[in-house]
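Engineer: The following block contains a protein sequence and its predicted model.
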Amino acid sequence: MTTMLGELDVPLNSIPALDISLSIDSYIEDFKNNRTIAHAGDLISAAVVNGFEKDETVVDAANFILASPNETTSTQLSLAERIVKGYPNSNKIFNIDNISLDDFHLHVNPKKVWEKIHFLKLAANQFQFNAIIWVELSRHYSIIGQQRQALNTMKIALQLAPENRFVLRSAVRLFAHYDDLEFSHDILRKSQLTNFDPWLTSAEISMATLRDRTSRFMKKGADMVASKNFSPFSITELASSMGTVEMINGSKMKSRVLFNKALQAPNDNSLAQVEWASKKDHQLDINPANFQVKHDFEAKALDNFKNEKLGDALTNTFRWFLDMPFSKRPVMFGSHIASAMDDQETSRDFLKAGLISHPNDPQLLNNIIYSLALENKTSDAMNFMEKVPPLNQMEKSIQICITATRGLVYFRTGFHDQGRQLYFEAIQAAKEAKSKYFNWLAILNYAREELLIKSDKVQEIMETVASLEDDAENLDIRKLKKEVTEMYEKQKQTNR
Amino acid sequence: METNAAYNLLGLTLKTGWKVAEKLTKADHSTGSFFSVCYKVEKDGAVCFLKAFDFAKFFQLSEPWKQVVDIMGDMITAYQYERDLSNHCRDKHVTKVAFVKEAGQEIIPDHSISIVPYLIFELADGDVRTQLEYSRKLDFAWKLHSLHDIAVGLKQLHAIDVSHQDLKPSNILLYKKESKLGDLGRSICSDIDGPYNRMPFTGDINYAPPEIMYKYYDNDWNKRVFATDCYLLGSMVVFYFSGISMSALLLKHIPENFRWERWKGAFEEIKPYIADGFTKAIVEFRENIPDPYFKKEISLLVEQLCFPFPDKRGHPKNIEMSGSNFNMERFVSKFDLLKLKAEYRTKN
């Protein structure tokens, strides 16, 4: 896939002509004098090696092979077909751009991943020299959340091809995914290629930024961006990562110059980076649809969401997830959008898909339980609740969410006092953690539950709700507050 | 081209006594060279194959800036070299090579270049392409027998420090049940100072190994030339069973951006992609062999012979031990065993 995107090409501007004189004349003459399958095979072989596939006699030879399927080999037939029909269009192989949410269960299937792992293990065992198979195996292990296996297989790939861009970038991404930023950074710092290859220089600068370090490749990167030795596409990620550094350092002018450079021929990563930067610097307002970028699903999803086109945002988030099935970000984002659209089932589909790569992740489990409870599917919610790890093994913010969600489940199962108690705990914990977002979220959810059971606590909690600022920047807070307020008004009217 | 002297030998009796009986279509019985015209010749009841060097065509296709005397010199050197190398091999008891029986030259008047040097070989039944069939009833025994002959031929050549360099289907000649290596014109020998000795690769670029295509080759003469022969033998195996060359099969599985004529980066950097293409090529190659035993054994042979990086090419035991990685002995034995097994299965 990365090959098709052109990110593994030599980053230099010009392609030199080869100084070997090529000819297939003798093969053409041989085939004309001897129309046999073997002569045809010999001719099409020479044509493929030399790039003469469009030659009239070569096409004739290919058709000659295709006309005798019982006298040829599968390899001859396949090569002849390529010559006659052209190389298969990469879009026909697996084009994420055409996938819609209707295909969710077709493409999100752990069984398929297991089958692929089985195949890759056999292949890796047999072709131990092939670093790309080890990378693929590692990627698939990461998709199903088998961290140790993913890291071990990637280390093998690194040993086999320590100076290859694809392997290095895959390794860096994997180790960073598992939070081993130091090792990720080391891989890049130690590679000779980082000195010359802008795709790796940019990765090193990004890693340094993630680790709050100053990259020693900034000067080299600046030289690469300024030089005319590289095509705009080759330096797009470098320019965007350097632009980010400049933005963090407060040099908006410099960052704009670099981001604009990145936008000359952006890829999905640089476009998403500039899209992110545009939120911080409004002079960088960009529309991803204006750029012909392959696999820019993340940038499109963020842009759709920003413009409140939730349906498009959800579809692009699904494509983003298919592009990066090991990543939790598209999962959380997709679930969030679907939930905002009141499509709890799709929201849960995203979350369950996320559990493939992050089994027993408390945040994902929490959101599934929350979603099920909202639809009064309390039995299913309890089943997922059993999988939640102990609270002390998770971040404070997740602890608050889990506590509140347990409160919700209690409410929905009729244990109102226990539910109320847990909501109070969550509200208090969020307050102590100085998290306005979680505090408000817990208050609003609690208010909704009191409203639903028409308890005598409604008046009290609605006074608190009324005190919440209206211009909350989060869509879900705004939406929930509107819902709760409307419920309250409706209830008041009914009571009159 | 038809007006060139080399095309006008039909019906003549040459000074060496050979009567030129029939003009042969290219590749019918030829040993491949593009700068030659082929005839059937007879003398004292013997029928042989004559390869006439087309000096005029050589001129027409030479670089325009080259001096005429230099072109003439190149052509004569090529002719003498093939003749001398053939004699060298014959004298060293090589048996699986089509030797030059006789060499001579003829003057054909009224042509701009009237001299036609020629070499006479034993007449083959044809090159291997005339015999190869790919139908489901694969004649494994015959194919393996022929491949065994080729491996023996290479082993014999290597034993006297000759590297064939131009092993391809049109250069495998059939003599009844025996296959022999034809066209030593592009071969190189450490004992004979030939026109090609200092070239990294002298054979047909269409069959060249990846290190040549990507211009990454060992400076050590022995390693470079014998690694090439090793790959070419593997490529013949691929052609015998899949009907296309190894290079074509490999390129089929290498993305366009990494093709040899497009790649400008270092060989080290592209190695993983070539290795991946090679893996896919081997997987595809296997599908052409229905019998599980032969599928496994023959694809393993191809993997060892055609490994895309010369330092890992050859039999694993040879790579581990001192001496040449590209020693043919183990492959000869393997082909012999496979040949016998195939013959046994055919009979039973």
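Structural biologist: Now that the structure is in, tell me what you want to look at. Every value quoted in this text rests on a predicted model; they were computed, and no experiment measured them.

Engineer: Mind jotting down where the helices sit in chain B?
Structural biologist: Assigned helices in chain B, in chain order: B:55-61, B:68-91, B:140-159, B:210-213, B:221-242, B:246-252, B:267-286, B:292-305, B:316-320, B:329-347 (criterion: DSSP state H).

Engineer: and the ones you listed as TSV, adding mean neighbour count?
Structural biologist: Using the backbone N, CA and C atoms, a C-beta is placed for each residue, glycine as well. Listed next are the helices of chain B as TSV, based on neighbours: other Cβ atoms under 10 Å in any protein chain shown:
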stretch	mean neighbour count
helix B:55-61	18
helix B:68-91	17
helix B:140-159	22
helix B:210-213	23
helix B:221-242	25
helix B:246-252	26
helix B:267-286	21
helix B:292-305	18
helix B:316-320	13
helix B:329-347	16
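
Engineer: Could you save these as a markdown table and add columns showing mean pLDDT?
Structural biologist: What follows is these, written out as a markdown table (pLDDT from 0 to 100):
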| stretch | mean pLDDT |
| --- | --- |
| helix B:55-61 | 70 |
| helix B:68-91 | 85 |
| helix B:140-159 | 94 |
| helix B:210-213 | 90 |
| helix B:221-242 | 93 |
| helix B:246-252 | 95 |
| helix B:267-286 | 93 |
| helix B:292-305 | 95 |
| helix B:316-320 | 85 |
| helix B:329-347 | 92 |
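
Engineer: now the ones you listed as a markdown table including distance to chain A?
Structural biologist: Formatted as a markdown table, the helices of chain B follow (distance: least, Cβ to the nearest Cβ, whole Å):
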| stretch | distance to chain A |
| --- | --- |
| helix B:55-61 | 9 |
| helix B:68-91 | 15 |
| helix B:140-159 | 12 |
| helix B:210-213 | 8 |
| helix B:221-242 | 4 |
| helix B:246-252 | 4 |
| helix B:267-286 | 4 |
| helix B:292-305 | 8 |
| helix B:316-320 | 12 |
| helix B:329-347 | 17 |
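
Engineer: Identify whichever of the ones you listed lies nearest to A:Leu122.
Structural biologist: Proximity to A:Leu122, assessed across those by Cβ to Cβ, is greatest for helix B:267-286 (10.7 Å).

Engineer: for that closest one, packing partners?
Structural biologist: Applying 3 or more Cβ pairs under 8 Å, 6 or more residues apart in numbering or on different chains; DSSP states H and E, one finds that helix B:267-286 contacts helix A:74-85, helix A:131-143, helix A:165-177, helix B:221-242, helix B:246-252, helix B:292-305.

Engineer: Is any residue of the first one near chain B?
Structural biologist: Right, the one you point to is helix A:74-85. Yes - Helix A:74-85 comes into contact with chain B (Cβ under 8 Å from any Cβ of the partner chain), by way of A:74-76, A:78-79, A:82.

Engineer: Give me the distance from that helix to the chain's centre.
Structural biologist: For helix A:74-85, the separation from the chain centroid amounts to 35 Å (computed by Cα atoms, centre = their mean, to the nearest Å).

Engineer: if we look at it, which residues are touching it?
Structural biologist: Helix A:74-85 is contacted from outside by A:37, A:40-41, A:44-45, A:47-48, A:53, A:58-59, A:61-63, A:65-66, A:69, A:72, A:88, B:134, B:242-244, B:248-249, B:252, B:284-285, B:287-288, using Cβ atoms under 8 Å, 6 or more residues apart in numbering or on different chains.

Engineer: can you do 7 Å?
Structural biologist: Contacting residues not belonging to helix A:74-85 are listed as A:41, A:44, A:48, A:53, A:58-59, A:62-63, A:65-66, A:69, B:134, B:242-244, B:248-249, B:252, B:284-285, B:287-288 [Cβ atoms under 7 Å, 6 or more residues apart in numbering or on different chains].

Engineer: Check the last one too.
Structural biologist: Helix B:292-305 is touched from outside by B:140, B:230-231, B:233-234, B:237-238, B:241, B:282, B:285-286, B:289, B:314-316, B:331, B:334, B:338, with contacts defined as Cβ under 7 Å, 6+ apart.

Engineer: let's see it at 6 Å
Structural biologist: The contact list for helix B:292-305, computed with Cβ atoms under 6 Å, 6 or more residues apart in numbering or on different chains, reads B:230, B:233-234, B:237-238, B:282, B:285-286, B:289, B:315.

Engineer: Kindly report the same for the second one.
Structural biologist: Helix A:131-143 is touched from outside by A:113, A:116-117, A:120, A:123-124, A:149-150, A:153-154, A:156-157, A:160-161, A:167, A:170, A:325-326, A:357, B:272, B:276, with contacts defined as Cβ under 6 Å, 6+ apart.

Engineer: Just want the angle from that helix to helix B:267-286.
Structural biologist: Helix A:131-143 and helix B:267-286 are oriented at 80 degrees to each other (axes from the mean of the first three to the mean of the last three Cα atoms, to 10 degrees).

Engineer: could you give the angle of helix A:131-143 to helix A:165-177?
Structural biologist: Per the same axes, to 10 degrees, the angle that helix A:131-143 makes with helix A:165-177 is 20 degrees.
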